[in-house]
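S.K.: Any chance you can model this:
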Amino acid sequence: MAIDHGTPDIPRRHRIVAIACGAFVMSMVGAAYAAVPLYDLFCRMTGFAGRPVVATSAPSRVIDRSFEVRFDANVNPELPWRFVPEEPSVRLRAGEVRTVQYRIVNDSARRTRGVASFNVTPEATAPYFAKVQCFCFAEQSLGPKETLELPVVFFVDPAIATDKGLESITTITLSYTFFPAKDPATPVAEALSPARAPNL
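M.R.: Have a look, this model is predicted:
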């Protein structure tokens, strides 16, 4: 009996296709998980979507143009915290580095954890609003009735003076919102060194 050696091994071909499809699906899942931190990094480096830029050092100059920076503090209803800035606003010149303290109070009788998201408005000013130090995206854990002081160190980049589209801007708002932490606890950045107090 003649054997047709030209006929492909159908089951083997199906296995190869199945493996290739599985590898493709896994790579897409991995890309989806990576997209969130990569998008966040992109926003923080460019000021996209109202995210302030992350700075590693202070600017080399201070210019005469000044801004009122307002501080907006919010808490998701599921988190039993009070969250307020030490002052509602400050006035500073572009290039001037300023530190502002925020205070969080856990009003509940149990330990709670939260994470803050943030943005800057007007959104177009975000590439010029730089934070040297902040508590954003670092999980905070407070015991019953505990108080936590958290600093934010920031400046408005003097380069904002070269942006003709922002010539009329005199006020910038930095807004934070705390949400309940859902993932396993992560340590607060050591660089923040927040001071804790028993209560208000």
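
S.K.: rest of the way, CA atoms for contacts and neighbours
M.R.: Noted.

S.K.: who's in contact with Ala161?
M.R.: Shown in contact with Ala161 (C-alpha atoms under 8 Å, 6 or more residues apart in numbering): 65, 167.

S.K.: From Ala130, how far out is it?
M.R.: 15 Å (C-alpha to C-alpha, to the nearest Å).

S.K.: Check Gln140 too.
M.R.: According to C-alpha to C-alpha, Gln140 and Ala130 sit 22 Å apart.

S.K.: Of those two, which one has the most company?
M.R.: Ala130 (27 against 23; other C-alpha atoms under 10 Å).

S.K.: Walk me through the domains of this protein.
M.R.: Split into domains by automatic domain parsing, the chain comes to 10-46, 50-197.

S.K.: most packed of those?
M.R.: Highest mean neighbour count of the domains of the chain: domain 50-197, a mean of 17 (counted as mean count of other C-alpha atoms under 10 Å).

S.K.: what mean pLDDT does that one have?
M.R.: In this model, domain 50-197 has an average pLDDT of 89.

S.K.: Now do the nearest residue to Val75 once chain neighbours are set aside against Ile169, distance only.
M.R.: In this structure, Val75 finds its nearest non-sequential neighbour in Phe178, 4.8 Å apart by C-alpha to C-alpha, 6 or more residues apart in numbering. Look at Phe178 and Ile169: by C-alpha to C-alpha, they are 27 Å apart.
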